[in-house]
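In: sequence plus the predicted model coming up.
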Protein chains: 6
Amino acid sequence: MKVVTFGEIMLRLMPENYLRFVQADKFEATYAGAEANVAVSLANFGNEAVFVSKVPAGEIGQAAVNAVRKYGVNSDYIVRGGNRLGVYFCEKGASQRPSKVIYDRAGSSFACADKDDFDWKEIFKYAEWFHFTGITPALSDSVAGITRIAAQTAKENGLTVSCDLNYRKKLWSNEKAKATMSEILPFVDYCIANEEDMKDVFGIETENNDVTGGNLNKAGYVEAAKELSDMFGLKGVAVTLRESKSANDNDWSAMLYTGGKAYFSRKYSMHIVDRVGGGDSFGGALIHALLKNGEAQYAIDFAVAASCLKHSIQGDFNLVTESEVSGLMKGDSTGRVQR
Amino acid sequence: MKVVTFGEIMLRLMPENYLRFVQADKFEATYAGAEANVAVSLANFGNEAVFVSKVPAGEIGQAAVNAVRKYGVNSDYIVRGGNRLGVYFCEKGASQRPSKVIYDRAGSSFACADKDDFDWKEIFKYAEWFHFTGITPALSDSVAGITRIAAQTAKENGLTVSCDLNYRKKLWSNEKAKATMSEILPFVDYCIANEEDMKDVFGIETENNDVTGGNLNKAGYVEAAKELSDMFGLKGVAVTLRESKSANDNDWSAMLYTGGKAYFSRKYSMHIVDRVGGGDSFGGALIHALLKNGEAQYAIDFAVAASCLKHSIQGDFNLVTESEVSGLMKGDSTGRVQR
Amino acid sequence: MKVVTFGEIMLRLMPENYLRFVQADKFEATYAGAEANVAVSLANFGNEAVFVSKVPAGEIGQAAVNAVRKYGVNSDYIVRGGNRLGVYFCEKGASQRPSKVIYDRAGSSFACADKDDFDWKEIFKYAEWFHFTGITPALSDSVAGITRIAAQTAKENGLTVSCDLNYRKKLWSNEKAKATMSEILPFVDYCIANEEDMKDVFGIETENNDVTGGNLNKAGYVEAAKELSDMFGLKGVAVTLRESKSANDNDWSAMLYTGGKAYFSRKYSMHIVDRVGGGDSFGGALIHALLKNGEAQYAIDFAVAASCLKHSIQGDFNLVTESEVSGLMKGDSTGRVQR
Amino acid sequence: MKVVTFGEIMLRLMPENYLRFVQADKFEATYAGAEANVAVSLANFGNEAVFVSKVPAGEIGQAAVNAVRKYGVNSDYIVRGGNRLGVYFCEKGASQRPSKVIYDRAGSSFACADKDDFDWKEIFKYAEWFHFTGITPALSDSVAGITRIAAQTAKENGLTVSCDLNYRKKLWSNEKAKATMSEILPFVDYCIANEEDMKDVFGIETENNDVTGGNLNKAGYVEAAKELSDMFGLKGVAVTLRESKSANDNDWSAMLYTGGKAYFSRKYSMHIVDRVGGGDSFGGALIHALLKNGEAQYAIDFAVAASCLKHSIQGDFNLVTESEVSGLMKGDSTGRVQR
Amino acid sequence: MKVVTFGEIMLRLMPENYLRFVQADKFEATYAGAEANVAVSLANFGNEAVFVSKVPAGEIGQAAVNAVRKYGVNSDYIVRGGNRLGVYFCEKGASQRPSKVIYDRAGSSFACADKDDFDWKEIFKYAEWFHFTGITPALSDSVAGITRIAAQTAKENGLTVSCDLNYRKKLWSNEKAKATMSEILPFVDYCIANEEDMKDVFGIETENNDVTGGNLNKAGYVEAAKELSDMFGLKGVAVTLRESKSANDNDWSAMLYTGGKAYFSRKYSMHIVDRVGGGDSFGGALIHALLKNGEAQYAIDFAVAASCLKHSIQGDFNLVTESEVSGLMKGDSTGRVQR
Amino acid sequence: MKVVTFGEIMLRLMPENYLRFVQADKFEATYAGAEANVAVSLANFGNEAVFVSKVPAGEIGQAAVNAVRKYGVNSDYIVRGGNRLGVYFCEKGASQRPSKVIYDRAGSSFACADKDDFDWKEIFKYAEWFHFTGITPALSDSVAGITRIAAQTAKENGLTVSCDLNYRKKLWSNEKAKATMSEILPFVDYCIANEEDMKDVFGIETENNDVTGGNLNKAGYVEAAKELSDMFGLKGVAVTLRESKSANDNDWSAMLYTGGKAYFSRKYSMHIVDRVGGGDSFGGALIHALLKNGEAQYAIDFAVAASCLKHSIQGDFNLVTESEVSGLMKGDSTGRVQR
């Protein structure tokens, strides 16, 4: 199935192991971004994933293109131009010390992209799904406009449209996020969000929760998802439930609200290798499962199992196959050696 | 004490840290194999360990020889010849993601070894013990024949003979394994096995067990060990009990059935650095303890403590000393810094 | 322009820096092969390069596919199946110590490929050029047969066909090479060879040369190329001229004999980073230049400049752009920093 | 605030990851020592930290100086001379395998330092605090004498003086430690110790404790601290409480006894990255908190939170800022990503 | 002697060894900039070097500060603020392949620095020399203004002022460079330049030179230096003469024109480890020699020997001592092992 | 053939690549020493090489033992005890920057070895040759005494005895060296030396030489060798001739004076990977050639070719086979790839 995603790809610079920024004399260099990550997930599951973006001409932009191309993502619609590739620095936390992400993405080629850089009708030909996240419209007014056009064009051309709210407070204010997203969400079918996203962007509060304490109020999540769903007439709202016990250990589950019903996944206790990109791997797997199977319980189970595995993989990309996800879904979570 | 082991040594290629195969642009290169691993354990405990094998002439074979020689193993009877060194690729799992081992060992110098490559009478001179695993006869009919001859010769020359069943379904069928091992086990004194081995090779089922659920039925293991022991008139059967909670966390214990009685070790909860070679380190330590002390409870305690430590060590080899094992047996498992 | 290449891709294992095999506890892992290397060169120059091959199913085969895909090579016709990916070990020489290559490729998925694995009519659709090397038919009778069919089909479908003789004495005898290549070369337009290739395969001697002494007899090369050209009615014969001064320092030039005339390039004195793949980078660049421009002097100059740059790049692949080659052709070989 | 610390700085050599000494062909090289570690903590919290020591002239000594200078420590009073920099080898433990530290510090420039190397009146100008540990006087009689002079001079010049008992049995006997420390402690205001230190140096037993069993007898610690406090008329005694569950997992808390009252911190369950330097980071943070705030409960809470974070950081130095410590004190120990 | 330098410090990202950008999955991370490099040289030679700059608050800026602090540079006047640290990507060339530098420095904290960030009177207290390069005023109008003020204040306060023209065509046009530098140079005593700088900024042509051909016209350089000297009433003009033979091999010498006379250094044939920062190391050493000795021939010899050694050192910083430079000046350029 | 060598083995710590000591945050850790290096050479050439030494008990000493054991050296007579393993720091030079070696070997287990640690009659059983260098007696009076006893015992038991003068000015004075060596050399058959050694220890001047200028006076060397030979009634004197052009490039040849005649080798121009251990590789190869063949011209040619290859190998050990040396002797010094 052909799926299109649209967003920024950045250079990710990370000290080795658990070193702090000030200790590092080497950075692991990978290339990632929320929608690029989703595209890689989809390609790994066997879809034709098209990642649409803009990177500077020259070697650094080329390296970003190569990074997704390596995993089978179609890069034909990544435009070259502009001044720089966004950068983000990522320090891996441990135990009580949190991971840190420092963005240096202002003025990037993508943030400065122009409406004419993308011919959406051409891009969406034969495609079935369009995905983006709330980070994309947050980058600049120009990119917000492009996102709206893309979502509308996708809708008009019969694609299913999904959006991961992904609110980033350093990129825009709650007010601006609400105003902008409210113009785009009418074109969206499936929305992915976590508790904070829903509250920060649309003021939807999940009641009686205590994320750090580990007592999740399931009913509260269903209420919140219903509220968001009703607000924009969505087909479905998926909510990821992360319970952080430490930088090393998280519990992970999710819920899909669709057709007026809520479907909860099982919960995984994860020992984390790299948690960045965890949410994106959930999105990519959810899209794949919905496209392929359509059944809600299967979709949420597949998405949670896939993104659980992502937490065991270094880098933003979720490098797992469909059969690996199925293996975990069938219940083998003991990590026994496979020979 | 002089102990002889016989088997293949391979190049082990492993991505760094928790990287997946498709991410790796470097492989850690070590050289290992079930019986080589046992030999290294024995040498570390102060025995004269002789590892008998065959590797190709040239640098890659030499590197394999150097790898065991470095730890004091006698390599005088490693024959040079044939076409290639077997290779195995090993990806370290984490959390719910299992470790993966991909073998590329067909056509190796060892699998193609000839009966005349080894002069067993010469090799066994002054030796007290001979050890091999079920992997060795599984490699080829030729090597199966050599193994039988070696075991018989050892027996005739007064050595104690041990065998770790180590069933590998990718190397041979249950039927072939049963037929072949049934011809060799009559020359064996001590057999090491886990639950799956006993079932896969000899159809001996351990009752009422739920390995993943963590409820081990001790009586079932004793029954199974007795059945195997009776089948071939064995002096002892050692059974390792691994409870996999995740790729990072396992519980580890074992039982030695000998003289009609079962001896259980304590159980260790391990946070794993590298679990490949864990079973071999158990075998090596068990042989050492039986050779040195003979007392069954001590032997199983020593073997489990030694192999518990192995899980904290990178690579197949168990690089611990006897006094380190003793330290753990005496109860210090808190990992406090030793200055 | 669409160009198709056909051959094996292997895992290349190389100790870091100048370490010897016996010192290495890490291997740099890249994936390469003569025709894969040519395809990457062509993709870097902006062509649609299609690499046709066969790799095992699973992660190791996938990693090989990803390696060419990363650089924009079309991997749609890489078949999955068979038992193993060929491996080659490569130790970098220095000063008087030569580089060493140890092949472990017997029984590879590609060497065991079947005629029905490849639908050449489909593959050659819209293509303009087909390239392979003498290594491919040397791997097995089956693959030799496939190569002949591919060359013939290419010819019949109007593609230009090129072949790099690339004689490897460890793969086949002079006699077998001559017999096999003599059946294939009638379908070939351009042949690439060096002095030893021509002599080893077809017994064509280049007179009065002293490769180690540095005195190249230009006339001798022209004679030899003419002889080979006449033997098979070739459009052109390209001869690379490597003068090895040490493992670090080589002189590098080439000659293209076409239309009854010989065109010599300038000569570069190279300080080598990695010389493996140097010949393949010559082939890839020659094809590109002939396809694009057709002018003989330009083609040989472009091919030599491109392959000169390859010697400064780690790995088999020539990761240079057309404008970098042009820069060197225009005479800037001083290596001044480009800011 | 200006704080002076006095002690040895050594080259710390550590195998990468969890490799054992015999596996290492690389050592991570850092420079550390108890009092240098404290100085770095203090500089990171914004103090003017002066580290007084002696290193050999030449590059290795210079590298040690640079190591503290990098983090803003004043190195003006590090004397150059003598024969060698002390070395310590450090192997990181895992699970049941303990970390190992092997010292090679005999004959170091610092151990052979001379009384005239340090002009304490000059050094203490404008300073408010002087800190050293029991390791320093243990190194040699000469250095013990210098330490006593330094402590006395500090006291006479109005500085607050702190000492971490840090008993090292490989450096001196209990008897010698007691005799020497008894001469120095009269000049000390605050003493840091753990249970073993108090017992080994002064024979003060903490009753009813079972460190490995996890049942800490709070009253016993208060008794012991009171006893030590009374012995030398101390202003305060801080006791760190480490409960080792494995080499990877420790619980960590502490108590400050001052003004006749005991203040206990909360307890942190830590997943350890590097535990060496943990005690020093406690000392550095305690000094900072006492200097800045003076309030006992705050001081012990700050010191424990800061040193908890240290356990998540590679190397001896605690590279955290005051605001990171405050964040943890305020209760966010979930390690959620900070963007 | 106290010397002040003023300029930007950036994060330098470099692939390991000779890897190209598109091959790198790690970047060596160092922190450098023309004036920071000069400051480190001066500190290594024993001066009090003060580096004045602006970096963002937070870890990345802190890492840049630590980088110079490590080598003893005074960082008290590095202001914190603004949005980002400039970045430059650097790929090491080899043989005919040139090194490449890609700047990503727009919008950096330094480029956006404000006049009020620096109190020059305070900074210049007790200082004897002020140095900057032509890169600094090229970064923004604001920084150009600050540079002019700094130069003028330095002059008025009796400091010697030096400037390295360092023309960067990607930062500004020839016209703008000429206009801006013409306002600043009246406050300058010593100017450092190479042939291209003099031509690009002031249109001063050096006659009859063929840089790539290796025939330097000494008289032409003297003429050009005299012309520049006369234009602004300079005390001295130093011209570096780099003859690039390949990316690995350069010849290196220089000339100092002062007091109406030209002083030429000897010429070194260098095998290059890292040539970036070579010019800055010349500047730093020239300032040191002029400050210390004042004699022109000695100064140019010292500066060339020091910067020759820089080319053998990885990274921008010239990590050599005065006695190492003296050793080379005395004629030992054979690189014999020093034990 | 059984050959015994006697000397210290140390931990060698070296920054990676061309990094300076102050830049290194990792050291490559190998274990080496002049006589250990010779033993490894001899083992690689197929001899039974016995290395006699003393190392501390524990892991660091064990790692040193493993290092020689890995290459097949007999380590049965390496005594365990004493306080520490000697260390040497080694920084690789480049171009005009010399390599630097900093020794930290005082107080090592070997330097403090006792006469009773070694039973020379037992050690020399079946041996044919005994080798040591002038470094060994320089380490302490005790070790000097042991060396004299060993040489005398060897002589009395019919072994051939060789000594490499290896004068180290940091270990002892010329006078002490002369006095000590004069007592030992009467038991020596073959002496290896370079020009400086002969002058520093015995005041034998080689006339009319200009090592740095590249004009070697052959007659002068013959004279000097004859003088040394006559002084102690030696069977042969071998002189290595190193012409340092830069830290990267050396010329290398040697002369063997025996039976009243001088035999000169050819000269190799080497591009150096690691020159430390070069002299030891000459000694090891000379002993092997003399033992095996006895012919003087062959011996000096073999020794120079072998040690030429050593300069292309990282680490002190010369990891080449006899056939590789023969290949170079036969004239193939072009470094062409061997497939």
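Out: Good, I have the coordinates.
In: pretty sure A:Gly72 contacts A:Ala49?
Out: Yes: counting by CB atoms under 8 Å, A:Gly72 does reach A:Ala49; the two are 7.4 Å apart. (C-beta placed from N, C-alpha, C; glycine too.)
In: now the common contact residues for the two.
Out: By the contact definition CB atoms under 8 Å, 6 or more residues apart in numbering or on different chains, A:Gly72 and A:Ala49 are jointly contacted by A:Ala43.
In: ok, A:Ser326 - contacts?
Out: By CB under 8 Å, 6+ apart, the contact set of A:Ser326 is empty.
In: helix or strand: which one has it?
Out: helix A:322-329 (DSSP states H and E).
In: what about the residue in the stretch 101-250 of chain A positioned nearest to chain C, how many residues close to it?
Out: Proximity of the stretch 101-250 of chain A to chain C (CB to the nearest CB) peaks at A:Tyr126, 16.7 Å away. Around A:Tyr126 sit 8 other residues, with neighbours defined as other CB atoms under 10 Å in any protein chain shown.
In: how far away is A:Ile300 from chain C?
Out: According to CB to the nearest CB, to the nearest Å, A:Ile300 and chain C sit 28 Å apart.
In: what's the helix or strand encompassing that residue packed up against?
Out: If you go by DSSP H and E, A:Ile300 is part of helix A:296-310. Judged by 3 or more CB pairs under 8 Å, 6 or more residues apart in numbering or on different chains; DSSP states H and E, helix A:296-310 is in contact with strand A:236-244, strand A:249-258, strand A:261-264, strand A:268-271, helix A:278-292, helix A:322-329.
In: please see if stretch A:60-79 touches chain E.
Out: Yes: applying CB under 8 Å from any CB of the partner chain, one finds stretch A:60-79 touching chain E at A:Ile60, A:Gln62, A:Ala63, A:Asn66.
In: skipping adjacent residues, who's closest to the residue sitting furthest away from the middle of chain A in space?
Out: The C-alpha centroid of chain A is most remote from A:Arg339, which lies 32.4 Å away (CA atoms, centre = their mean). Nearest non-adjacent residue to A:Arg339, counting by CB to CB, 6 or more residues apart in numbering or on different chains: B:Val101, 4.5 Å away.
In: doesn't A:Lys155 belong to a strand?
Out: No: counting by DSSP: H, G, I helix; E, B strand; the rest coil, A:Lys155 falls outside a strand, being helix.
In: can I assume it is in contact with A:Ile149?
Out: No: between A:Lys155 and A:Ile149 there is no contact under CB under 8 Å: 10.8 Å.
In: mark which of the residues of stretch A:60-79 next to chain E are buried, thanks.
Out: Neighbour counting by 16 or more other CB atoms under 10 Å in any protein chain shown classes A:Ile60, A:Gln62, A:Ala63, A:Asn66 among these as buried.
In: from those residues, which single one is nearest C:Tyr268?
Out: A:Gln62 (25.6 Å; CB to CB).
In: residue contacts, that closest one?
Out: Per CB under 8 Å, 6+ apart, neighbours of A:Gln62: A:Val55, E:Phe21, E:Val22.
In: distance from the chain centre to the strand or helix carrying it, please.
Out: Assigned by DSSP H and E, A:Gln62 belongs to helix A:59-69. Between the centre of helix A:59-69 and the centre of its chain there are 19 Å (CA atoms, centre = their mean, to the nearest Å).
In: ok, stretch A:51-69 next?
Out: Using CA atoms, centre = their mean, the offset of stretch A:51-69 from its chain centre is 19 Å.
In: put the alpha carbons of it into PDB.
Out: Taking C-alpha atoms only, stretch A:51-69 is exported to PDB below (Å, rounded to 0.1, in the frame of the first residue of the first chain):
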ATOM      1  CA  PHE A  51       8.600  10.500   2.500                       C
ATOM      2  CA  VAL A  52       8.000  14.100   1.400                       C
ATOM      3  CA  SER A  53      10.400  16.800   2.800                       C
ATOM      4  CA  LYS A  54      13.000  19.400   1.900                       C
ATOM      5  CA  VAL A  55      16.700  19.200   2.600                       C
ATOM      6  CA  PRO A  56      19.600  21.400   1.600                       C
ATOM      7  CA  ALA A  57      21.500  20.500  -1.600                       C
ATOM      8  CA  GLY A  58      24.900  19.000  -0.800                       C
ATOM      9  CA  GLU A  59      26.300  16.200   1.200                       C
ATOM     10  CA  ILE A  60      24.500  16.700   4.500                       C
ATOM     11  CA  GLY A  61      21.100  16.800   2.900                       C
ATOM     12  CA  GLN A  62      22.100  13.800   0.800                       C
ATOM     13  CA  ALA A  63      23.100  11.900   3.900                       C
ATOM     14  CA  ALA A  64      19.600  12.400   5.200                       C
ATOM     15  CA  VAL A  65      18.000  11.200   2.000                       C
ATOM     16  CA  ASN A  66      20.300   8.100   2.000                       C
ATOM     17  CA  ALA A  67      19.200   7.300   5.600                       C
ATOM     18  CA  VAL A  68      15.600   6.700   4.600                       C
ATOM     19  CA  ARG A  69      16.400   5.300   1.200                       C
END
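In: next, the buried residues of it.
Out: Result for stretch A:51-69 [16+ other CB under 10 Å]: buried residues A:51-56, A:58-69.
In: more neighbours: A:Gly72 and A:Ala49, which one.
Out: Between A:Gly72 and A:Ala49, counting by other CB under 10 Å, A:Ala49 is the more crowded of the two (30 against 20).
In: rewinding a little: from chain D, how far out is the residue of the stretch 101-250 of chain A closest to chain C?
Out: 36 Å.
In: kindly report the residues of chain A close to chain E.
Out: So chain A meets chain E at A:13, A:16, A:20-22, A:24-30, A:58-60, A:62-63, A:66, A:83-85, A:87, A:89, A:91, A:100, A:102, A:104, A:106-107 (CB under 8 Å from any CB).
In: show me what contacts the closest residue to chain C within chain A?
Out: Residue nearest to chain C within chain A: A:Lys70 (3.8 Å; CB to the nearest CB). In this structure, A:Lys70 makes contact with C:Asn66, C:Ala67, C:Arg69, C:Lys70, judged by CB under 8 Å, 6+ apart.
In: can you do 6 Å?
Out: Counting by CB atoms under 6 Å, 6 or more residues apart in numbering or on different chains, A:Lys70 touches C:Asn66, C:Arg69, C:Lys70.
In: now the first one. Nearest residue, chain neighbours left out?
Out: The one in question is C:Asn66. A:Lys70 (4.8 Å).
In: what about the helices in the stretch 51-200 of chain A?
Out: A:59-69, A:120-124, A:135-138, A:141-156, A:174-184, A:195-202 (DSSP state H, counting those that start in this stretch).
In: the last one near chain D at all?
Out: It stands for helix A:195-202. No: applying CB under 6 Å from any CB of the partner chain, one finds helix A:195-202 separated from chain D by no less than 10.1 Å.
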